[in-house]
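**Student:** fold the following for me, if possible:
(4 chains)
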Number of protein chains: 2
Amino acid sequence: MTRPQPQPRTGRPLRADALRNRLKVLEAAEEVFDARGTTASTEEVARAAGVGIGTVFRHFPTKEALLEAVYVSRLCKLAEEAEALTSAEDPGAAFFTYFTRVVGYAATKNALSAALTEAGVDVPESGQGLKQALATLLSRAQDAGAVRGDVGLPEVMALLVGASQAAERAHGEVRDRALNVVFDGLRAHR
Amino acid sequence: MTRPQPQPRTGRPLRADALRNRLKVLEAAEEVFDARGTTASTEEVARAAGVGIGTVFRHFPTKEALLEAVYVSRLCKLAEEAEALTSAEDPGAAFFTYFTRVVGYAATKNALSAALTEAGVDVPESGQGLKQALATLLSRAQDAGAVRGDVGLPEVMALLVGASQAAERAHGEVRDRALNVVFDGLRAHR
DNA sequence: CCAGAATCGGAGTGATCGCTCCGATAAGTC
DNA sequence: GACTTATCGGAGCGATCACTCCGATTCTGG
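**Tutor:** Here you go, the predicted structure:
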């Protein structure tokens, strides 16, 4: 669905260099916010992108807008990945694979869990895409008997957010074992 | 153990007004950081405490020191609560009650989950107190067969941190159902 | 190739933050 | 009550941040 829009919704198409710089800024913003956290300065993003500060602020009139653009991009990628798994032959494995993958991303990318937590509240457009794809993944896994039927999408989102945030601090085996506890809780039993 | 030290470790005892102000600052800091997050300014804390900024900085030479003091105070209270439950007649219920209670606190108090995440890494003195009490709670619940034996303290800490952070966004029924999923995963089965 | 317009770059602005410094003030001692 | 001394209060400092403004630069249609 809603691709990570390369150009804004304006009427006129962007000039060639403008579009090039816009993409450079977005890419640099992802890297910087992942590495240094969302408190990194806009100037740092501009330096990483190899452009002036003015350029950053013309494309994204506010730091919040820049952050939201990064979030939207991330959520779109996650939504695509979820959609790609909806046609897997084993729905249960698809669900747990996706969960594990998202948590793995969050462990190294700082801005991802922030994006996820916002997805439940804000960013309606592309947050919905993720939600819908995840809902499909969940209900297929439930129909296959791999996930208990009495959990809903909101709970799964909450668990995903919590696991992603915890993964920023818990590494290696600890993270895997904690995730397995959650998975055992999600599996159908009794 | 290690009580939330009302005075610092200096040789001289504090003057009466100094100790009074120190407590006012600590109390105000807890409230402000819970309500506005840890990015709230030191001046806001001073205003809430009804003292000047200089007073805040004499007692806590750095904002980080002030935050750490709040964390230590919180962790001590949590450790006490855990210790109080170690002698309960039903070790399983004690463990899950404690888990639920901590997550409930975190849902309303912003600084708590931050304190928890730091407890695993930093703040060695009072973080150990919590860890030890939680370890007792866990092993007693495991001996009673209420919690599976193949989870360790680090995993439980990670789950506690993740659930607490998620609880800041997930409210009411969603939080309860997500927590129950984790609990089912923690219970012994098979 | 050229003119006009869109875009760029970064010095500068105002606000805020953590923190310092020192005259005013209040506590403790006799 | 007076003297000493620890403590208080808040104006001020330097650094940083998000954001603006405008001359220089680059693109694009003709």
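**Student:** so what does the helix or strand of chain A with the lowest mean pLDDT touch, helix or strand wise?
**Tutor:** The weakest-scoring helix or strand in chain A, judged by mean pLDDT, DSSP states H and E, is helix A:110-121 (a mean of 82). Applying 3 or more C-beta pairs under 8 Å, 6 or more residues apart in numbering or on different chains; DSSP states H and E, one finds that helix A:110-121 contacts helix A:16-36, helix A:63-85, helix A:91-108, helix A:124-143, helix A:153-167. C-betas here are computed from N, CA, C, even on glycine.
**Student:** now do the buried residues in it.
**Tutor:** Residues of helix A:110-121 classed as buried by neighbour count (16 or more other C-beta atoms under 10 Å in any protein chain shown): A:110-120.
**Student:** these two touch, right, A:Leu134 and A:Pro154?
**Tutor:** No: in this structure, A:Leu134 is not within contact of A:Pro154 by C-beta atoms under 8 Å, at 10.7 Å.
**Student:** how many residues are close by A:Val131?
**Tutor:** Just to correct that, residue A:131 is Lys rather than Val. For A:Lys131, the number of neighbouring residues by other C-beta atoms under 10 Å in any protein chain shown comes to 20.
**Student:** give the contact list for it.
**Tutor:** Under the criterion of C-beta atoms under 8 Å, 6 or more residues apart in numbering or on different chains, the contact partners of A:Lys131 comprise A:119, A:153, A:157.
**Student:** give me the pLDDT value at the last one.
**Tutor:** Predicted confidence (pLDDT) at A:Met157: the value is 95.
**Student:** and A:Arg148, how far from DNA strand D?
**Tutor:** 43 Å (C-beta to the nearest atom of the strand, to the nearest Å).
**Student:** what comes into contact with the helix or strand harbouring A:Gly54?
**Tutor:** Using DSSP states H and E, A:Gly54 sits within helix A:53-59. The contact list for helix A:53-59, computed with C-beta under 8 Å, 6+ apart, reads A:8, A:18, A:21-22, A:25, A:42-43, A:45-46, A:49, A:66.
**Student:** ok, back up a step: distance to A:Arg148 for the buried residues of helix A:110-121 - can I get that in CSV?
**Tutor:** Listed next are the buried residues of helix A:110-121 as CSV, based on distance: C-beta to C-beta, whole Å:
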residue, distance to A:Arg148
A:Asn110, 32
A:Ala111, 32
A:Leu112, 27
A:Ser113, 25
A:Ala114, 29
A:Ala115, 28
A:Leu116, 23
A:Thr117, 24
A:Glu118, 28
A:Ala119, 24
A:Gly120, 21
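**Student:** sorry, back to before: can you narrow the contacts of A:Lys131 to ones near DNA strand D?
**Tutor:** Among those, no residue is within reach of DNA strand D (C-beta under 7 Å from any atom of the strand).
**Student:** out of those residues, flag the one nearest to chain B.
**Tutor:** Chain B has its nearest neighbour among those in A:Met157, at 8.0 Å by C-beta to the nearest C-beta.
**Student:** that closest one - how many residues pack around it?
**Tutor:** Neighbour count for A:Met157, taken as other C-beta under 10 Å: 25.
**Student:** rewinding a little: which among the contacts of helix A:53-59 end up buried?
**Tutor:** Among the contacts of helix A:53-59, those classed as buried by 16+ other C-beta under 10 Å are A:21-22, A:25, A:42, A:45-46, A:49, A:66.
**Student:** re earlier: which of A:Leu134 and A:Pro154 has more neighbours?
**Tutor:** It is A:Leu134, of A:Leu134 and A:Pro154, that has more neighbours when counted by other C-beta under 10 Å, with 24 against 18.
**Student:** tell me the two of the contacts of helix A:53-59 that are most distant?
**Tutor:** The span of the contacts of helix A:53-59, defined through C-beta to C-beta, is set by A:Pro8 and A:Glu43 at 22.2 Å.
**Student:** doesn't A:Ala146 make contact with A:Arg187?
**Tutor:** Yes: A:Arg187 is in contact with A:Ala146 according to C-beta under 8 Å; the separation is 6.8 Å.
**Student:** show me chain A divided up by domain.
**Tutor:** A:12-61, A:65-186 (automatic domain parsing).
**Student:** would you single out the least confident of these?
**Tutor:** Looking at the domains of chain A, the bottom one is domain A:65-186 with a mean of 92.
**Student:** spell out which residues of chain A are next to chain B.
**Tutor:** Residues of chain A lying close to chain B (C-beta under 8 Å from any C-beta of the partner chain) are A:117, A:120-121, A:151-152, A:154-155, A:158-159, A:161-163, A:165-167, A:169-170, A:174-175, A:177-178, A:180-186, A:189.
**Student:** mind listing what the closest residue to A:Glu118 other than its chain neighbours touches?
**Tutor:** Of all residues not flanking A:Glu118 in the chain, A:Tyr71 sits nearest, at 5.9 Å (C-beta to C-beta, 6 or more residues apart in numbering or on different chains). A:Tyr71 makes contact with A:111, A:114-115, A:118-119, A:123 under the criterion C-beta under 8 Å, 6+ apart.
**Student:** no further queries at this time; thank you.
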